[in-house]
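Chemist: I would like the atomic coordinates for the input below:
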Amino acid sequence: MFDKIGDLPLHPLVIHVVVIGIPLAVLLALLFAFPKTRSWARWPLGITVVGATAATYVAKQSGLAFEAALNIKPGNPVGDLILKHSQLAEQLFWIMIAFSVIGLLNVFVVSRRTSDSTDDAVKQQPAIVRIVLPVLLVAVALVALLWIVRVGDLGARAVWNPTSPPIFQF
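Modeler: Here you go, the predicted model:
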């Protein structure tokens, strides 16, 4: 199911959705963190973060199918990079689950600031809702952004230059 679209492998196609979707969700999370842009970013954030999470799942599953179709095994530079790429992709999927949950919590719980609301109505929310949830949203968004760079770097190095050094050394 996750191996091909027509005669083309699905993984190289769907990763572009992830590479665009996650940074877009991060940008929307940053916009949501500011009360002045919160009402504008609310629904695009919810839709984008869920869509990026779904695309991450499809990319992960299609990557496993692609790896099996190519019969890639660890023990050589490319196989070792693909194994690490797969492990980080699994972590990215769980990070995106957390990003979705926290993003949707923010979308549905944090008060929006509109022209007809008063600052008193916004301040009546508990600090955990008003301050902590948006800060947590930004933190998990930045982790997701870091992870997509790490996963993409390993995948690109496996395909184009397995002997090049990684972007991040940790």
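Chemist: Next secondary structure after the lengthiest helix in the chain?
Modeler: Assignment by DSSP state H gives helix 35-70 as the longest helix of the chain. Next helix or strand after helix 35-70 toward the C-terminus (DSSP states H and E): helix 77-109.
Chemist: lowest-confidence helix or strand of this structure?
Modeler: None of the helices or strands of the chain scores lower by mean pLDDT, DSSP states H and E than helix 119-123, at a mean of 55.
Chemist: helix or strand right after that one?
Modeler: helix 127.
Chemist: how near is the residue most central in space within the chain to Leu105?
Modeler: The geometric centre of the chain, computed from its C-alpha atoms, lies nearest to Ile22 (Cα atoms, centre = their mean), at 4.0 Å. To Leu105, Ile22 is 18 Å away according to Cβ to Cβ, to the nearest Å. Backbone N, C-alpha and C define where each C-beta goes, glycine included.
Chemist: got it, and Pro162?
Modeler: Counting by Cβ to Cβ - Pro162 and Leu105 are separated by 41 Å.
Chemist: repeat for Leu27
Modeler: 19 Å.
Chemist: try Thr53
Modeler: 14 Å.
Chemist: And the two? Which one has more around it.
Modeler: Relative neighbour count places Thr53 above the other of Thr53 and Leu105, with 24 against 14, counting by other Cβ atoms under 10 Å.
Chemist: show me what contacts that one?
Modeler: Residues near Thr53 by Cβ atoms under 8 Å, 6 or more residues apart in numbering: Phe93, Met96, Ile97, Phe99, Ser100.
Chemist: one more time with 6 Å, if that's ok
Modeler: Shown in contact with Thr53 (Cβ atoms under 6 Å, 6 or more residues apart in numbering): Met96, Ser100.
Chemist: pretty sure Ile15 contacts Ala59?
Modeler: Yes. Counting by Cβ atoms under 6 Å, Ile15 sits close enough to Ala59 to count as a contact (5.1 Å).
Chemist: Neighbour count for those two, which is higher?
Modeler: Ala59 (28 against 23).
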